[in-house]
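> Requesting a structural model of the entry that follows:
(3 chains)
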Amino acid sequence: MVTEVKEGYVKVEFHNGITTIEFFHPQSNCLPARLLEQLAHAIHGAGNDEHTKLVILRSAGEKVFCAGASFDELKAIKDKEQGLQFFSGFAHIINAIRTCPKFVIGRIQGKCVGGGVGLAAAVDYAIALDSVEIKLSELSVGLGPFVVGPAVERKIGLSGFSQLAIDASGWRNADWARRKGLFAELHPTAEFMDESIFRLSEALMHSSAEAMAELKKVLWKGTEHWDKLLIERAAISGKLVLSEFTKKAIEKFKIKGIKE
Amino acid sequence: MVTEVKEGYVKVEFHNGITTIEFFHPQSNCLPARLLEQLAHAIHGAGNDEHTKLVILRSAGEKVFCAGASFDELKAIKDKEQGLQFFSGFAHIINAIRTCPKFVIGRIQGKCVGGGVGLAAAVDYAIALDSVEIKLSELSVGLGPFVVGPAVERKIGLSGFSQLAIDASGWRNADWARRKGLFAELHPTAEFMDESIFRLSEALMHSSAEAMAELKKVLWKGTEHWDKLLIERAAISGKLVLSEFTKKAIEKFKIKGIKE
Amino acid sequence: MVTEVKEGYVKVEFHNGITTIEFFHPQSNCLPARLLEQLAHAIHGAGNDEHTKLVILRSAGEKVFCAGASFDELKAIKDKEQGLQFFSGFAHIINAIRTCPKFVIGRIQGKCVGGGVGLAAAVDYAIALDSVEIKLSELSVGLGPFVVGPAVERKIGLSGFSQLAIDASGWRNADWARRKGLFAELHPTAEFMDESIFRLSEALMHSSAEAMAELKKVLWKGTEHWDKLLIERAAISGKLVLSEFTKKAIEKFKIKGIKE
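Numbers count the residues shown, from 1 in each chain, chains lettered A, B, ... in the order given. This is a model prediction of the structure:
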């Protein structure tokens, strides 16, 4: 199933008990509202599908896993309500992964920026290339990593999250991210990475679905309030995005783009 | 005092203010119900003993610190009640360490598997050999690290715990465990390790018992609900262990054993 | 503004939106009650100052960032009330940093001992020299890191905090502290460190004050009870400091001093 949106797509494939969800956007895999919605929808679907035992989340392309929120859409936000709605898109994806009774493995082949770091943090087990770099750039554009914050802090701890969030223009390398706990494994090539994903998937396909569902619950214990919390966070970002400061910063940032 | 059970033993020795508790089982120091009970009892005893200022937990043998639950006993579990009771054995040990007003130092000379990782995580300060490897193998046999989970997550964080629990067939080395926080120190030989345990014990024997008891309380603050939580967790494992899946997986695992 | 106390000082300088707070004490930058009070006051002031966008906390001298509580004053404590009051000094500083709506960057040029580790942990972003060493020596003198504990644990986790607190005579090096999350960055020379502080300060001066205030709130979420908690902790230290054990240990420790 491929859901094409204006630009980019979310593709869902089912094979031998594994649902693979792939997203793509021509602007460095950034996420406009429609893709955010489709992603959350796809994850929900895989969670409810009785034949799916495992979910793999990946993106197309080689240089960037996900550049975060779409700057074109950020710029177009006119009022608090639109702001809340846009940022809730990330909340819905994270909550979809969180409440999905199956493990979600992340395949991180390239840079993660802003909300992209949030996606990488939200999956249950992230396998990445050792060339990956990450950045929580929100503060540079007058925003903050409010919606993705709980997911990032849950994985890399308060200290790592503080460092990323405050030093918003600094890239951290894959090794830093692995040491902090964002990535479970690093691999030198896509081939090795895919081999490792295959190995882990095989092992999990031979595991008890009931045991995995119980383990998933245990690993996310204490996040039951995120349904509400992440929407509250979306409201903070939705308000900040309206400021002159942010509008100008996004414009400047957009011109520079991500060095791929 | 040596409490011999059918196979294996729990040995308690008191010397100069230090109570050393050693366990042994011929099958890779795995723990049947009787040893679990004796261990919890020994730790409680040391906690209540007014002459004991410090507790050292160790196992006999060289290759394996603790292989976790006894597979023979897991296989023999017939109903939920028996399952709950067996897994509560680990809950009682962890809660005994937790509520013991003295520090418990762990001497980790070999592999830790499943519940064995839980023991290493539950002690207040673990000193290990740099050749040690650890694995949370529960998912491989249709179970999950439910009872020991809170102790492991408390020490190595949610991310490290997720990695160990999901990649259930992968050994992690001592350096990984040290970086994540499971081990406080690594040493190249048993001699160096014992020297370091001696050095730390000496320092603690010259410390204020009152200050140590207050510190112990502070370090375990927020775990007061574990009395109940770990038993709830034992019920999850006690239910999963009854499935056909688990029975078969344990049989297969048992034949392979731990490569020592 | 320089507030000189009997010995040592707290100096507050404002320049281009940045308030820099520097403290000094001739005994290895240890903190007597008056300096503790002045520091908390200075941080409060910077937090309330509408022209201040960023706070930098530093100390004078080269070898020691902060040696913790003043031993002279610890020795002079006569009853629980005085004890509570003295240790509350650290609580007030940590709570001042915590509630300050601006980020506090720490410049850590030398050793951190006891309460000094607490200060380094309480700042939002600590930049240190790679030659720095840290120690939570409280247990060695019959006390414990009770007041600073929540700040240290928040940054380096329960495991790192346990290690530091229990092995109270062991120095941990800067790399250990960085890996655990106490320091965000390490630099080989004061020049490089100051360059990095300048770079980060510049970036933050060009960031949205509103976004930073929201981010600060998010990063300290869940610590609202520290107002009360840290004072309770001060009471524990304030009681322990009265024991013969502690009086003697402080005397001995004082003679040895910090090897600078």
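
> Work out for me the element A:S201 sits within.
Using DSSP states H and E, A:S201 maps to helix A:190-205.

> what's the angle from the next helix or strand after that helix to helix A:190-205?
Note on helix A:190-205: by DSSP H and E, the next helix or strand toward the C-terminus is helix A:209-219. Using axes from the mean of the first three to the mean of the last three C-alpha atoms, to 10 degrees, the inter-axis angle of helix A:209-219 relative to helix A:190-205 is 110 degrees.

> What residues of the helix holding A:S201 count as buried?
Using 16 or more other C-beta atoms under 10 Å in any protein chain shown as the burial criterion, the residues of helix A:190-205 that qualify are A:M193, A:S196, A:I197, A:L200, A:S201, A:A203, A:L204. The way it works is simple: take the backbone N, C-alpha and C, and place the C-beta from them, glycine included.

> which strands and helices sit next to it?
strand A:54-59, strand A:104-108, strand A:125-129, strand A:185-187 (3 or more C-beta pairs under 8 Å, 6 or more residues apart in numbering or on different chains; DSSP states H and E).

> one more time with 10 Å, if that's ok
strand A:18-24, strand A:54-59, strand A:104-108, strand A:125-129, strand A:185-187, helix B:149-166 (3 or more C-beta pairs under 10 Å, 6 or more residues apart in numbering or on different chains; DSSP states H and E).

> Between the two ends of stretch A:132-145, how far is it?
Stretch A:132-145 has an end-to-end distance of 20 Å (C-alpha to C-alpha, to the nearest Å).

> Indicate the residue of chain A located nearest to chain B.
The minimum distance from chain A to chain B, using C-beta to the nearest C-beta, falls at A:G181 (2.9 Å).

> Hmm, that residue is touching A:A120, no?
No - proximity of A:G181 to A:A120 does not meet the contact threshold set by C-beta atoms under 10 Å, at 11.3 Å.

> need the contact list for the residue of chain A closest to chain B.
The neighbourhood of A:G181, defined by C-beta atoms under 10 Å, 6 or more residues apart in numbering or on different chains, consists of A:121, A:126, A:154-157, A:160, B:156-163, B:179-180.

> what about the stretch 151-260 of chain A, any weak spots by pLDDT?
A:255-260 (pLDDT under 70).

> Chain B contacts on that one?
Proximity of the stretch 151-260 of chain A to chain B, by C-beta under 10 Å from any C-beta of the partner chain, involves residues A:153-157, A:160, A:178-185, A:196, A:199-200, A:202-204, A:206-223.

> returning to what we had before: shared neighbours of A:G181 and A:A120, which are they?
Common contacts of A:G181 and A:A120 (C-beta under 10 Å, 6+ apart): A:A126, A:K155.

> what's the residue nearest the centre of chain A in contact with, if anything?
The centre of chain A sits closest to A:L119, judged by C-alpha atoms, centre = their mean, with a distance of 1.3 Å. Contacts for A:L119 (C-beta under 10 Å, 6+ apart) come out as A:23, A:29, A:31, A:39, A:57, A:59, A:65-66, A:68, A:90, A:93-94, A:97, A:104, A:106, A:108, A:112, A:126, A:148, A:151.

> element containing it?
In this structure, A:L119 is located in helix A:115-122 according to DSSP H and E.

> Smallest distance to chain C belongs to which residue of chain A?
As assessed by C-beta to the nearest C-beta, chain C sits closest to A:S159 within chain A, at 3.0 Å.

> give the contact list for that residue.
Applying C-beta under 10 Å, 6+ apart, the residues contacting A:S159 are A:153, A:180, C:121, C:125-126, C:154-157, C:160, C:178, C:180-184, C:219.

> If we use 7 Å, what do you get?
If you count contacts by C-beta atoms under 7 Å, 6 or more residues apart in numbering or on different chains, A:S159 has them with C:K155, C:I156, C:G181.

> Over to A:P101?
Contacts here follow C-beta under 7 Å, 6+ apart; on that basis A:P101 touches A:G47, A:A213, A:K216.

> in the stretch 1-150 of chain A, which spans are strands?
Taking DSSP state E, counting those that start in this stretch to define them, one finds strands in the stretch 1-150 of chain A at A:2-4, A:9-15, A:18-24, A:54-59, A:64-66, A:104-108, A:111-113, A:125-129, A:133-135.

> ok now do A:A33, which residues does it touch?
A:E73, A:F86, A:G89.

> Show me what from the stretch 101-250 of chain A comes close to chain C.
By C-beta under 7 Å from any C-beta of the partner chain, the residues of the stretch 101-250 of chain A that approach chain C are A:139, A:142-144, A:146, A:149, A:157-160, A:162-163, A:165-167, A:169, A:179, A:236, A:240, A:243, A:245-246.
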